[in-house]
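Visitor: Structure of the sequence below:
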Amino acid sequence: MVGILVHGDNHFIVRGRLPNRDVARALIRHWSIIQIGATTPPSLEKWRISTKEFREDLEWAVIVPGTGEISPAVALLLDELSARGIAIHDSSFDSW
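Guide: Coordinates of the predicted model:
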């Protein structure tokens, strides 16, 4: 599976199944801070950043609030996904 993980004005295209809220937040923490030589915690090894995917292949989307606004290009992509019937999960809400 391929999805998009959005964090404020940043985003990651991710290979892996839809993460739950806690995992989505942990992935953001892990990937947002550059840690030279760091290894991925075993609990997060099921997901990886992908650099080459087609937007038509995205199957899930998660928003983790952060600083900055979602870029217009990512907002448009989220609108496209929603129009295709893909739920946009927001980690700031209890029921997602």
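Visitor: would you list every one of the strands in the chain?
Guide: Along the chain, the segments classed as strands by DSSP state E run 2-7, 10-15, 48-49, 60-64, 88-90.
Visitor: In its sheet, which strands sit next to the third one, and in what direction?
Guide: Spelled out, it's strand 48-49. Strand 48-49 has the following strand partners under DSSP bridges: strand 10-15 (antiparallel).
Visitor: ok, so what distance separates the residue nearest to residue 48 when sequence neighbours are not counted from residue 45?
Guide: Leaving aside its chain neighbours, residue 48 sits nearest to residue 15 (5.3 Å; criterion: Cβ to Cβ, 6 or more residues apart in numbering). In this view, the C-beta of every residue, glycine as well, is placed from N, C-alpha and C. Per Cβ to Cβ, to the nearest Å, residue 15 is found 12 Å from residue 45.
Visitor: Just want to know which of these two has more residues nearby.
Guide: Ranked by neighbour count (other Cβ atoms under 10 Å), residue 15 and residue 45 place residue 15 first, with 13 against 10.
Visitor: so residue 32 touches residue 10, yeah?
Guide: Yes - Residue 32 lies in contact with residue 10 (Cβ atoms under 8 Å); the separation is 7.0 Å.
Visitor: neighbour count winner among those two?
Guide: Each of residue 32 and residue 10 has its neighbours counted (other Cβ under 10 Å); residue 10 has more, 17 against 13.
Visitor: Look up the pLDDT of that one for me, please.
Guide: Residue 10 is assigned a pLDDT of 94 by the prediction.
Visitor: which residues touch it?
Guide: By Cβ atoms under 8 Å, 6 or more residues apart in numbering, the contact set of residue 10 is 32, 66, 68.
Visitor: how much space between the residue nearest to residue 8 when sequence neighbours are not counted and residue 9?
Guide: Excluding its sequence neighbours, the residue lying closest to residue 8 (Cβ to Cβ, 6+ apart) is residue 66, at 2.8 Å. Residue 66 sits 7 Å away from residue 9, going by Cβ to Cβ.
Visitor: Can you check which residues contact both of those two?
Guide: Joint contacts of residue 66 and residue 9 (Cβ under 8 Å, 6+ apart) do not exist.
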